[in-house]
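> Fold the following, please.
(2 chains)
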Amino acid sequence: MSLTKVLSTFTLAAAAIGTLYSCKPRGAESAVSGDAASKVYVAPGKYDEFYNIVSGGFNGQIGIYGLPSGRLFRIVPVFAQSAESGYGYSEETKPMLNTSHGFVPWDDLHHIALSRTNGNHDGRWAFANGNNTPRIARVDLTTFRTSEIIEIPNSAGNHSSPFITENSEYVVAGTRFSVPLDNDNGDVALTTYKQNFRGTVSFIGVNPQSGEMNIAFQIQTPGINFDLARAGKNKSHDWVFFSCYNSEKANSLLEVNASAKDKDFIMAVNWKKAEEYTKSGKAHKQAVKYAHNLYNEANHSATSTIMNEVLVLDPKECPDMVYFIPCPKSPHGCDTDPTGEYIVGSGKLAAIIPVFSFTKIQQAIANKTFDGEYDGIPVIKYEAALHGEVQKPGLGPLHTEFDANGNAYTSFFVSSEIVKWNVKTLKVLDRVPTYYSIGHLSVPGGPTNKPWGKYVIAYNKITKDRYLPTGPELTQSAQLYSIDGDKMKLLLDFPTTGEPHYAEALPADLLFKKQRKIYKIEENTHPYASKGEGTTKVERKGNDVHVYMTSIRSHFTPDNIEGIKMGDQVYFHVTNLEQDWDVPHGFAVKGSNNAEILIMPGETQTLKWTPDRVGIIPIYCTDFCSALHQEMQGYVRVSPAGSNVPLTWNTGKNGPQASDSTKKVAIK
Amino acid sequence: MKKLLSFSLIAIVAVMVSCNSSETKVASSNDTQPGAGQSGVQDDESQKDVVKVAAGSKDHTTLVAAVKQAQLVDALSNAGPFTVFAPTNEAFNKLPKGTVEDLMKPENKEKLQDILQYHVFVATWALH
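Numbering: from 1, shown residues only, chains lettered A, B, ... in the order given. As a prediction, the model looks like this:
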């Protein structure tokens, strides 16, 4: 071979390999900076920096993730039955899902509000909304369990919820669907929307010690739809701001008919004034029905109480309590900056982001700089309330969060991006694409008085090609960006469970040391608890049979039960006697029209079973607990109805060997 | 000729290597040991496991030392469950002189492990 031929061959080869192993990024899509992996890698045995508490949307649950790793630690059952844990299946947890409509096994959980003290995260509770059958849930952040669910009367859809005031005084609930109020005649033609349909915003008080909720008062509003809301801070502490759309009051084809007007509103509510009006007797007592459900950690049981009345204020009788501020256009988000001075409206169809000034709003109210009224409620003049507009930020703004440096981050659904801008100067500083079609975003501490900052997480609605595809149904995608520098940097892309809407994040330190490890068996006050194997028994009360059972590695006591009959309802009350961290036991019955239950150390949980056939039914432990987990089983003998097989129970009594009538053969 | 060949080869390898060097280094500051059990878990609330019970007993110091020497601390800290027939120091003292010291020698570790494992039952028994 000639020299030139060799040279050219190798040059071509080098060039070919050079393009194959191109050092240039593929384009904007793969613009991840070089050190991204080290920023999100949490080494084995180490912990994440933040707990990310993420709404599950249509799965009705809450997902607990770690940041920056994006790992999912737990799915907390809230509004949807969880066959995995027995939530909503066990006798103790079924009452949590009771409503004025009866047992509702599912809901749509959109938003999270973490409890705050003096404006900042305190790590006590996470509140979440049930959008479909209007409810608010409270989750205990030391056990990550749902402690309480309260239903909202006079509401047909609870989207604008939960949003919490600066010192956790109230959690609010605003209606998405206006309908005639509970006490009014609801049997009206749909086209009488404008005359008969109303909205309400509810202020649910939170007991500062126990966290227990109670509906302090509701405010009746015109028939508009409420989207997101935010409480004021510092000087705007007494106020909550709700974004409103469908000021057109359409009842059909809202896609078109609720997009007609150029401006809808932000509704400003002075809840301190509302409190005073309620105290002074201005509120109307209305007879309604709504459920209030509480889970008791001492007896491991939930109780459901139907409440009968609620207090409702009418803005027409309570001047200076509610104001409308015009806001383009079909707003989705309404957010207050950490100082409480600026209120940002994000209009889904708007081409700008209006930023209102609380000081100017107060001046406008004092000087009565109004633009007429909407249903008797004063409308403040747009320019009088406006601090300024962010020009050409992007297409379809939805939601804004803040860092501690005076910057705002807004999500844009239509143009699929996050835009960073300065709250005072209204200048756009940076933009990054999200993959794809971002809904909400979250900055750790973003809605608080002192955001933790560090990251912004995008929760997207469309995934398409981001991950290995899994048929037509795909996980939702999320991206983690660093906001430490001037420019946002994409660090991680991770899948999420359910469909996250809003989320909040707080430092791991706030929760880490508070976590409950076990329930002390001495503190168990469950009426059917067995605190030792010696107290186990099976009791018959007519057709109800109560099995007081214990579980400990690796056996149940009793594990052999006879004397159950067709026609019986059997209640297995299983107490987990373990007092060791992370040693739950599971329990399941063959063919039961029920789920399993998982019982934590020191807890008692009850599975109800109706035998459907004569025979021998096995029971067993479903949660891998020990070396001999496979041996953790039992049998239940079901006899025909009216049988006289006595009720007996034991653990350890085995039958004799079959009698040896033949000669034994020696086994070599 | 040969020089050109090797130069080109080096060039190709250089292209490949230079692009790979932009790959991120994984942070590995705290590699956990393989086969580690739950003995290191920080937990003051749960009931003490057999290892913690033995370690807190002044009558079982010989046993604890033996279990450590036999490298059974992690295994016995795991979910088990375990019933350990735990000889007291007094019991160990009843053995022929030098037996314990001999078993504690590194070359006799397997013998020690074997003897100790005869004292462990993977189950819990209720003493009715």
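
> Need the phi and psi values for the residue lying closest to A:Pro500 once chain neighbours are set aside.
In space, not counting the residues next to it along the chain, A:Pro500 is nearest to A:Tyr459; the distance is 4.2 Å by CB to CB, 6 or more residues apart in numbering or on different chains. In short, each C-beta sits where N, CA and C put it, glycine included. In terms of degrees, to the nearest 10, the main-chain angles of A:Tyr459 are phi -110, psi 110.

> ok, what's across the strand from A:Tyr459?
Applying DSSP bridges to A:Tyr459 gives these bridge partners: A:Ala478.

> Now do the contacts for it.
By CB atoms under 8 Å, 6 or more residues apart in numbering or on different chains, A:Tyr459 lies in contact with A:54, A:438-442, A:476, A:478, A:496, A:500-503.

> Let me know the closest of those residues to chain B.
Within the set of the contacts of A:Tyr459, A:Ala478 lies nearest chain B; the separation is 20.6 Å, counting by CB to the nearest CB.

> Wait, a strand at A:Pro616?
I think there's a mix-up here, since residue A:616 is Ile and not Pro. Yes. Counting by DSSP: H, G, I helix; E, B strand; the rest coil, A:Ile616 falls inside a strand.

> Dig out what it forms beta bridges with.
Going by DSSP bridges, A:Ile616 forms beta bridges with A:Arg637.

> what's near enough to touch it?
Taking CB under 8 Å, 6+ apart as the criterion, A:Ile616 is in contact with A:Tyr635, A:Val636, A:Arg637, A:Val638.

> does the first one count as helix, strand or coil?
Same thing as A:Tyr635. With three-state DSSP as the criterion, A:Tyr635 was assigned strand.

> Could you tell me which residues within the helix or strand hosting A:Gly388 count as buried?
Counting by DSSP states H and E, the element that carries A:Gly388 is strand A:386-391. Under the neighbour-count criterion of 16 or more other CB atoms under 10 Å in any protein chain shown, strand A:386-391 has A:Leu386, A:His387, A:Gly388, A:Glu389, A:Val390 buried.

> Look up how far A:Pro68 lies from A:Lys46.
Here the criterion is CB to CB, to the nearest Å. By it, A:Lys46 lies 11 Å from A:Pro68.

> what sits against residue 61?
No chain was given, so I picked chain A. Counting by CB under 8 Å, 6+ apart, A:Gln61 has contacts A:Ile75, A:Val76, A:Pro77, A:Val78, A:Phe79, A:Ala80, A:Ser82, A:Leu109, A:Thr497, A:Gly498.

> if you could check chain B rather than the one you did, that'd help
Under the criterion of CB under 8 Å, 6+ apart, the neighbours of B:Thr61 are B:Asn89.

> how close does it get to B:Pro96?
In this structure, B:Thr61 and B:Pro96 are 20 Å apart, going by CB to CB.

> Can you classify the residue lying closest to A:Met549 once chain neighbours are set aside by secondary structure?
Excluding its sequence neighbours, the residue lying closest to A:Met549 (CB to CB, 6+ apart) is A:Val574, at 4.9 Å. Of the three states, A:Val574 takes strand according to three-state DSSP.

> A:Val574 reaches A:Phe587, doesn't it?
Yes. Between A:Val574 and A:Phe587 there is a contact under CB atoms under 8 Å: 5.0 Å.

> overlap in contacts of those two?
A:Ser551, A:Ile597, A:Ile599, A:Gln605, A:Leu607.

> among those residues, which are in helices?
Where those are compared with helices, as defined by DSSP state H, there is no overlap at all.

> So which of those residues is the closest to A:Gly396?
Nearest to A:Gly396, judged by CB to CB, of the shared contacts of A:Val574 and A:Phe587 is A:Ile597 at 45.0 Å.

> Give me the distance between the nearest residue to the closest one once chain neighbours are set aside and B:Gln69.
What sits nearest to A:Ile597 in space, not counting adjacent residues and going by CB to CB, 6+ apart, is A:Gly86, at 3.5 Å. With distances defined as CB to CB, the gap from A:Gly86 to B:Gln69 amounts to 45 Å.

> Can you pick out the residue with more neighbours from the two?
For A:Gly86 versus B:Gln69, the count of surrounding residues by other CB atoms under 10 Å in any protein chain shown is larger for A:Gly86: 26 against 18.

> Specify the local secondary structure of B:Glu107.
Using three-state DSSP as the criterion, the local structure at B:Glu107 reads helix.

> I misspoke; the intended subject was A:Thr410.
Under three-state DSSP, the three-state class of A:Thr410 is strand.

> Name the residues linked to it by a beta bridge.
As assigned using DSSP bridges, the partners bridged with A:Thr410 are A:Thr400, A:Val419.

> so how many other residues sit close to it?
Look at A:Thr410: counted by other CB under 10 Å, it has 26 neighbours.

> the strands in chain B, which residues?
Chain-ordered strands for chain B, with DSSP state E as the definition, fall at B:83-84, B:120-121.

> For the strand holding A:Gly388, output the C-alpha coordinates as PDB.
Only the C-alpha atoms of strand A:386-391 are listed here, as PDB (Å, rounded to 0.1, in the frame of the first residue of the first chain):
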ATOM      1  CA  LEU A 386     -50.600  47.200  38.900                       C
ATOM      2  CA  HIS A 387     -46.900  47.300  39.700                       C
ATOM      3  CA  GLY A 388     -46.100  46.400  36.100                       C
ATOM      4  CA  GLU A 389     -46.300  43.700  33.500                       C
ATOM      5  CA  VAL A 390     -43.600  41.300  32.400                       C
ATOM      6  CA  GLN A 391     -43.600  41.700  28.600                       C
END
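
> what pairs with that strand, and is each one parallel or antiparallel?
With DSSP bridges as the criterion, the sheet partners recorded for strand A:386-391 are strand A:352-357 (antiparallel).

> hey, which helix or strand in chain B has the poorest pLDDT?
helix B:2-20 (a mean of 46; mean pLDDT, DSSP states H and E).

> Might you name the residue of the stretch 151-300 of chain A sitting closest to chain B?
With CB to the nearest CB, the shortest gap between the stretch 151-300 of chain A and chain B falls at A:Glu297, namely 15.1 Å.

> Helices of chain B, residue ranges please.
For chain B, the helices defined by DSSP H cover B:2-20, B:50-55, B:61-69, B:73-77, B:89-93, B:99-103, B:109-117.

> ah, wrong one, I meant chain A
Counting by DSSP H, residue ranges of the helices within chain A are A:3-20, A:36-40, A:193-196, A:254-257, A:271-279, A:358-366, A:382-385, A:509-512.

> ok, and what's touching the fourth one?
Spelled out, that is helix A:254-257. Helix A:254-257 has contacts (CB under 8 Å, 6+ apart) with A:Asn246, A:Glu248, A:Ala250.

> still on that earlier bit, just put the strands of chain B in a markdown table and tack on mean neighbour count, mean pLDDT and distance to chain A.
Compiled in a markdown table, the strands of chain B are given as follows (neighbours: other CB atoms under 10 Å in any protein chain shown; pLDDT from 0 to 100; distance: least, CB to the nearest CB, whole Å):
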| stretch | mean neighbour count | mean pLDDT | distance to chain A |
| --- | --- | --- | --- |
| strand B:83-84 | 16 | 93 | 11 |
| strand B:120-121 | 16 | 92 | 11 |
